[in-house]
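> from the sequence below, what's the structure:
(one chain, ligands or ions: 1)
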Amino acid sequence: MTKQHTSTDLQRIREQFPALGRLEGKEKAIFSDSPGGTQVPISVIDAMSDYQQAGSANLGGFFATSEETMALVEQAREAAGQLLNAPADGIVFGSNMTSLTLALSRAIANTWQTGDEIIVSSLDHDANITPWVLAAKERGCAVRTMDFTASQNLSVTELERLLSGRTRLVAFTLASNVTGSITPAAELIKAAHSVNALVHVDAVHYTAHRLPDVQALDTDFLACSAYKFCGPYLGVLYGRPELLGSLKPYKVRASQDQPPWCWETGTQNFTAIAGLLACIKYHGWLTGSGHDRKGLQASANWIEGHEQQLSQRFLDGLKGMAGFTLYGPDTTVGRTPTFALAHHQHSSARLAQRLAHHGIYTWSGHFYALDLLDRLNLQERDGLLRIGFVHYHTLAEIDRVLNVLGDISAGAVDDSF
Ligand SMILES: Cc1ncc(COP(=O)(O)O)c(C=O)c1O
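Below you'll find the model as predicted:
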């Protein structure tokens, strides 16, 4: 049974985050820009500072700080494996998801022949589209695009329409960073594997809200980014160990030949790796159940339950408000608490400015989901307003956001705000 958190527990959780104490005038700032990056708990900040203070060093030396750094990387790899339900030798660290995907796409593309095909999705962030499109172009391969459904999700029927005996790779997201839609990933992967295509999933948005499971998904590759789930700026890639071993990464001669090391080009960000380890421990701490897979699952269950309440409150509050259009699921099912809105009169930048005026941080624009915004004909209208919550948000914060949206809806503010 997952432990239920009381409001006092949530207070204790929030106290771990120095940034959440930030004031905007007399009120606390609301960090509903979280799909663009979360805040970090003090344990993560301390772990990064402690690593530097104890003395940092590169790998491979016969002295203490180098050995300690090696032990740190191994522990972090093990912990990231628990997070993704993956073996530690399937975990690769890198600067961020985009860089890791660009590097991986070049290596995989070397196995493609002219006339092969790849499939990307129009729901995705560009970091899981353009690296594959560029690689396909270089190799003379065709790119097919899996379009999203009327409710801004992916469907197996659409994927099956595009798959062929020449499909080499299918890339799509586990959850949209714009609409919060959670995709039917396991079914999509099964369909892709039925024609022996490899699958690369983007878990960058998903990991803040659900626990990825590379084994249950049966995915070949998965990429995520720790700064989206209360960690440092660090990318994490999972690859099936046998694939990481058989593919040839672009690397320099003197670096390691063994996977996963050979995929980690140049000196790694050991400070961030120390932060990632602390971040995974923080997730286990949430329910006091530890940071092995079981403990992390208990915390993820709590996060899902709490975020479901946040989504319910937000959607209930939005229901009566004229002037707004919500993109993505209009129920709490199959979504994260990330909401994409347009207003019939005000541009999304103006809405974000208005919210910022009340100490509420949000993003407006395309969020790098260029195809999604194009197909919704929203690029010219300066995109969408994105309001996103994570597990450290409270119902009271949702109410404060709804109050401002309510005033805008009621016309209590004009376009001169
Ligand atoms: C869904 C999704 N995928 C990929 C990325 C790119 O991640 P990174 O910043 O680690 O390159 C982002 C960043 O916003 C994202 O939201």
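> what is the neighbour count of residue 183?
Residues lying near residue 183 (other CB atoms under 10 Å) number 24. Quick note: C-beta positions are derived from backbone N, CA and C, even for glycine.
> next up, the contacts around the closest residue to it other than its chain neighbours.
Among residues not flanking residue 183 along the chain, residue 154 sits closest, at 4.5 Å (CB to CB, 6 or more residues apart in numbering). Counting by CB atoms under 8 Å, 6 or more residues apart in numbering, residue 154 touches 121, 123, 146, 148, 172, 183, 184, 188.
> quick one: the strands in the stretch 201-350 of the chain, in order.
Using DSSP state E, counting those that start in this stretch, the strands assigned to the stretch 201-350 of the chain run over residues 221-225, 235-239, 324-327, 338-343.
> the shortest one packs against which elements?
Right, strand 324-327. Using 3 or more CB pairs under 8 Å, 6 or more residues apart in numbering; DSSP states H and E, the elements in contact with strand 324-327 are helix 293-319, strand 338-343.
> repeat that with 7 Å
If you count contacts as 3 or more CB pairs under 7 Å, 6 or more residues apart in numbering; DSSP states H and E, strand 324-327 packs onto strand 338-343.
> now the first one
If contacts are counted by 3+ CB pairs under 7 Å, 6+ apart, strand 221-225 sits against helix 97-109, strand 198-202, strand 235-239.
> how about it, does it reach the ligand?
Yes. With CB under 6 Å from any ligand atom as the measure, strand 221-225 is seen reaching the ligand through residue 225.
> tell me how many other residues surround residue 246.
10.
> wait, residue 309
So residue 309, with other CB under 10 Å, has 14 neighbours.
> list the contacts of the closest residue in space to it that isn't next to it in sequence.
Closest residue to residue 309 apart from its sequence neighbours, by CB to CB, 6+ apart: residue 395 at 6.8 Å. Going by CB atoms under 7 Å, 6 or more residues apart in numbering, residue 395 touches 309, 310, 313.
> ok, for the last one, nearest residue in space, not its chain neighbours?
Using CB to CB, 6+ apart and skipping residues adjacent in sequence, the residue nearest residue 313 is residue 398, 4.6 Å away.
> and the residue nearest to residue 183, which of the three is it?
Under DSSP: H, G, I helix; E, B strand; the rest coil, the three-state class of residue 154 is coil.
> before we move on, back to that, any chance of CSV for the strands of the stretch 201-350 of the chain, columns mean neighbour count and distance to residue 60?
Output for the strands of the stretch 201-350 of the chain, formatted as CSV (neighbours: other CB atoms under 10 Å; distance: least, CB to CB, whole Å):
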stretch, mean neighbour count, distance to residue 60
strand 221-225, 26, 27
strand 235-239, 27, 22
strand 324-327, 17, 50
strand 338-343, 24, 42
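> got those strands as a markdown table, with mean pLDDT columns?
Formatted as a markdown table, these follow (pLDDT from 0 to 100):
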| stretch | mean pLDDT |
| --- | --- |
| strand 221-225 | 99 |
| strand 235-239 | 99 |
| strand 324-327 | 98 |
| strand 338-343 | 98 |
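> just to revisit the earlier point, right, so of the helices and strands packed on strand 221-225, which gets closest to residue 342?
Among the helices and strands packed on strand 221-225, strand 198-202 comes nearest to residue 342, with 24.0 Å by CB to CB.
> now that closest one against helix 97-109, angle please.
170 degrees (axes from the mean of the first three to the mean of the last three CA atoms, to 10 degrees).
> in its sheet, what does strand 198-202 sit against?
Using DSSP bridges, strand 198-202 pairs in its sheet with strand 167-173 (parallel), strand 221-225 (parallel).
> residue with max distance from the center of the chain?
residue 62 (37.4 Å; CA atoms, centre = their mean).
> on that earlier part again, sort out for me which of the contacts of residue 154 are in strands.
121, 146, 172 (DSSP state E).
> next up, the contacts around the residue nearest to the last one when sequence neighbours are not counted.
So the one you mean is residue 172. What sits nearest to residue 172 in space, not counting adjacent residues and going by CB to CB, 6+ apart, is residue 121, at 4.2 Å. Going by CB under 7 Å, 6+ apart, residue 121 touches 145, 146, 154, 172, 173.
> same question, residue 60
Residue 60 makes contact with residue 66 under the criterion CB under 7 Å, 6+ apart.
> so it, which state does it fall into?
Assigned by three-state DSSP, the conformation of residue 60 is coil.
> check the gap between it and residue 291 for me.
Counting by CB to CB, to the nearest Å, the gap from residue 60 to residue 291 is 27 Å.
> cool, residue 177 as well?
From residue 177 to residue 291 the distance is 25 Å (CB to CB).
> any idea how far residue 335 lies from residue 300?
16 Å.
> who wins for proximity to residue 9 among the strands of the stretch 201-350 of the chain?
Closest to residue 9 of the strands of the stretch 201-350 of the chain, according to CB to CB: strand 338-343, at 23.4 Å.
> ok, the closest one: who's next to it in the sheet?
strand 324-327 (antiparallel), strand 384-388 (antiparallel).
> relative to the ligand, which of these is closest?
Among the strands paired with strand 338-343, the nearest to the ligand by CB to the nearest ligand atom is strand 384-388 (10.0 Å).
> that's all I had, so thanks and see you.
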